[in-house]
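K.L.:
from the sequence below, what's the structure:
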Amino acid sequence: MKKALFVILSLLVVYCSQAQKKLPLPTKQQLAWHDMEFYWFIHFGPNTFTDKEWGHGDEPEDIFNPTELDCRQWARIAKQSGAKGIILTAKHHDGFCLFPSKNSTHTVRESKWMNGKGDVVGALQKACKEYGLKFGVYLSPWDRNHPKYGTPEYNDVYINTMTELITKYGPFFEFWWDGANGEGPNGKKQVYDFHRFEKTMRKLAPNTVVFSDIGPDIRWVGNENGIAGKTNWNYLDTAGFTRGAGGPSQDSLNQGNINGKNWIPAECDVSIRPGWFYHKEEDEKVKTPEQLFDLYLKSVGRGSTLLLNVPPDRRGLINEHDSASLIEFRKLREQNFSKSIVTKSFTGLPQTNVYIVKIAKPLTVNCVVVKEAIQSGQKVKSFTVRLKKSGEIVKEIEATTVGRKRILSFPAVEADAIEFTVTDAKSKPSLTEISAYKIDDDLIEK
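P.N.:
Numbers count the residues shown, from 1 in each chain. The predicted structure follows:
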């Protein structure tokens, strides 16, 4: 009893001392992005046909020649996998544009594919609309082909290309900026004018969330393994940092900053294959449905989103190896999370700092899902979950942040109650829901 009173009094002190502090809050566009949970990345271009990961920019345009390209097949399989959208590499570092850009002579227009009349970006935009998917693009600032790269004029070229994409193919749910900055065809590196890039995006596409190492809207998670930190704040400090080599440490990107000044949540990017582009020798190395499920627990289940790269093959189709794994991945999510043992909704913090969820009778539980009302900020700093049976504790878990969704999995126990205690918080926290599940024992977080 004394310990409980001490915790409650400590929390009251925290709440009172921080009540006047205004927490950074997500925009409505960021909230919509949080709700997407899982969507695709598609890396496609000359590298698909040269077996490179980073092209040099001197590849002949005719090397890009998919024989059966079908963006409707991409969108159909994405939809079947449960993805909510697709982000396409409209231009990677090699400078090759998957649309007939007026700002480059290294595009699908110069290739023999469809006699120069093809447009991958346009085809995928239409396919996503048909299948009810959101559409986004990756436009690499690095360009190893453009003759103006490495000069001040290239910033105009990049802004013009962004404008072209937004006005012709938008609206986009997300625009992806890579921080890579290497040499161009003249051997020089570019000084990117990201201030102008961002100003242009805000003017032309105010509803599009923008990704980069430091946002402004979405941050890199600090690795390409698809794994967020067990502690994962949606807050980040960006002052003094730049995109690319001048960004925050990977630990900071992975965990965020507890007192960060900006709402910049992490996105977990990872490829279904070892590489980002398709390579036939990796057909037998596609991640299994179980591996993808584990990544889901370590990304979405830690308050982030999962951006899974699924690269089309040289035919221009999602390969059979990838599609088979993706469909089974969806089945695993549906089989394990479609029906909870119990779900209880809340509208804030109870009179004490403890949320109680009762189960009608003792049942086997090995997964608890907790959601925080992030529209009012992220506040929970630490918590304890106790599973009880007949009043006795059968499992106790201590953890840190919650965020939009926290999935905790563990060896199964029989329980008739869940007790969730907030042990520390930035200010008065608000949970919206606690659920309990019995998932496949082989799928609990490794």
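
K.L.:
quick check: which element contains Leu31?
P.N.:
Following DSSP states H and E, one finds Leu31 within helix 28-36.

K.L.:
and the average pLDDT for that helix is what?
P.N.:
Across helix 28-36, pLDDT averages out at 98.

K.L.:
and if you look at stretch 227-241?
P.N.:
Rounded mean pLDDT across stretch 227-241 is 97.

K.L.:
still on that earlier bit, can you tell me what sits against the helix holding Leu31?
P.N.:
26, 84-85, 134, 173-174, 207-209, 217-218, 263, 265, 305, 374-375, 404 (CB atoms under 8 Å, 6 or more residues apart in numbering). Quick note: C-beta positions are derived from backbone N, CA and C, even for glycine.

K.L.:
same question, stretch 127-140
P.N.:
36, 39, 41, 71-72, 74-76, 78-79, 83-93, 121, 124-125, 158, 161-162, 165, 169, 172-178, 180, 208.

K.L.:
narrow those to those that are buried.
P.N.:
36, 39, 41, 71, 74-76, 78-79, 83-93, 121, 124-125, 158, 161-162, 165, 169, 172-178, 208 (16 or more other CB atoms under 10 Å).

K.L.:
out of those residues, which are inside helices?
P.N.:
If you go by DSSP state H, the buried ones among the contacts of stretch 127-140 have 36, 71, 74-76, 78-79, 121, 124-125, 158, 161-162, 165, 169 in helices.

K.L.:
wait, doesn't Thr50 sit right on Glu59?
P.N.:
Yes. The pair Thr50 / Glu59 is scored as a contact, 6.0 Å apart, by CB atoms under 8 Å.

K.L.:
and these two? Which one has more around it.
P.N.:
Glu59 (21 against 15; other CB atoms under 10 Å).

K.L.:
mind checking the SS state of the more buried one?
P.N.:
With DSSP: H, G, I helix; E, B strand; the rest coil as the basis, the three-state label of Glu59 is coil.

K.L.:
need the pLDDT of it.
P.N.:
pLDDT, read off for Glu59, is 98.

K.L.:
residue contacts, it?
P.N.:
Pro46, Thr50, Asp94, Phe96.

K.L.:
one more time with 10 Å, if that's ok
P.N.:
By CB atoms under 10 Å, 6 or more residues apart in numbering, the contact list for Glu59 reads Gly45, Pro46, Asn47, Phe49, Thr50, Lys52, Asp94, Gly95, Phe96, His106, Arg144, Asn145.

K.L.:
the last one: how many residues sit nearby?
P.N.:
Asn145 sits with 24 neighbouring residues when counted by other CB under 10 Å.

K.L.:
kindly report the same for the third one.
P.N.:
Neighbour count for Asn47, taken as other CB under 10 Å: 26.

K.L.:
repeat for the first one
P.N.:
Taking other CB under 10 Å as the criterion, the count of residues near Gly45 is 28.

K.L.:
any idea how far Asn336 is from Leu387?
P.N.:
18 Å (CB to CB, to the nearest Å).

K.L.:
these two: who's more crowded?
P.N.:
Leu387 (24 against 16).

K.L.:
for the more buried one, what are its contacts?
P.N.:
357, 359, 365-366, 368, 393-397, 410, 413-419, 436.

K.L.:
quick revisit: for the helix holding Leu31, buried residues please.
P.N.:
In helix 28-36, residues buried by neighbour count (16+ other CB under 10 Å) are Gln29, Gln30, Trp33, His34, Met36.

K.L.:
and this structure, what are its domains?
P.N.:
According to automatic domain parsing, the chain comprises the domains 7-22+340-443, 37-337.

K.L.:
how long is the last one end to end?
P.N.:
Yep, that's domain 37-337 we're talking about. 14 Å (CA to CA, to the nearest Å).

K.L.:
distance between it and the chain's centre?
P.N.:
What separates the centre of domain 37-337 from the centre of its chain is 11 Å, taken as CA atoms, centre = their mean, to the nearest Å.

K.L.:
make 793 the first number, not 1, from now on.
P.N.:
New numbering, starting at 793: the last item is domain 829-1129.

K.L.:
ok, now how distant is Leu931 from Glu845?
P.N.:
Taken as CB to CB, the span from Leu931 to Glu845 is 18 Å.

K.L.:
compare those two (neighbour count), which wins?
P.N.:
Leu931 (22 against 14).

K.L.:
report pLDDT for the more buried one.
P.N.:
At Leu931, the pLDDT recorded in the model is 98.

K.L.:
does it have beta-bridge partners, and which?
P.N.:
Lys883 (DSSP bridges).

K.L.:
from Ala867, how far out is it?
P.N.:
From Leu931 to Ala867 the distance is 20 Å (CB to CB).

K.L.:
repeat that for Ile1236.
P.N.:
In terms of CB to CB, Ile1236 sits 33 Å off from Ala867.

K.L.:
for PyMOL, write the select line for the buried members of the contacts of Leu1179.
P.N.:
Burial among the contacts of Leu1179 is assessed by 16+ other CB under 10 Å; the matching PyMOL selection reads:
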select buried, resi 1149+1151+1157+1158+1160+1186+1187+1202+1205+1207+1208+1209+1210+1211+1228
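
K.L.:
shaky segments in the stretch 993-1142 of the chain?
P.N.:
1140-1142 (pLDDT under 70).

K.L.:
Tyr856 and Pro977, how far apart?
P.N.:
Heads up, residue 856 is Phe, not Tyr. 18 Å.

K.L.:
show me what contacts the nearest residue to Ser903 once chain neighbours are set aside?
P.N.:
Excluding the flanking residues, the one nearest Ser903 by CB to CB, 6 or more residues apart in numbering is Glu853, at 4.3 Å. Glu853 is in contact with 838, 888, 897-905, 908, 937, counting by CB under 10 Å, 6+ apart.

K.L.:
give me the subset of these that lies in helices.
P.N.:
Those of the contacts of Glu853 lying in helices (DSSP H): Pro838.

K.L.:
filter the contacts of Glu853 to the buried ones?
P.N.:
By 16+ other CB under 10 Å, these give Pro838, Phe888, His898, Thr899, Val900, Arg901, Glu902, Ser903, Trp905, Asn937 as buried.
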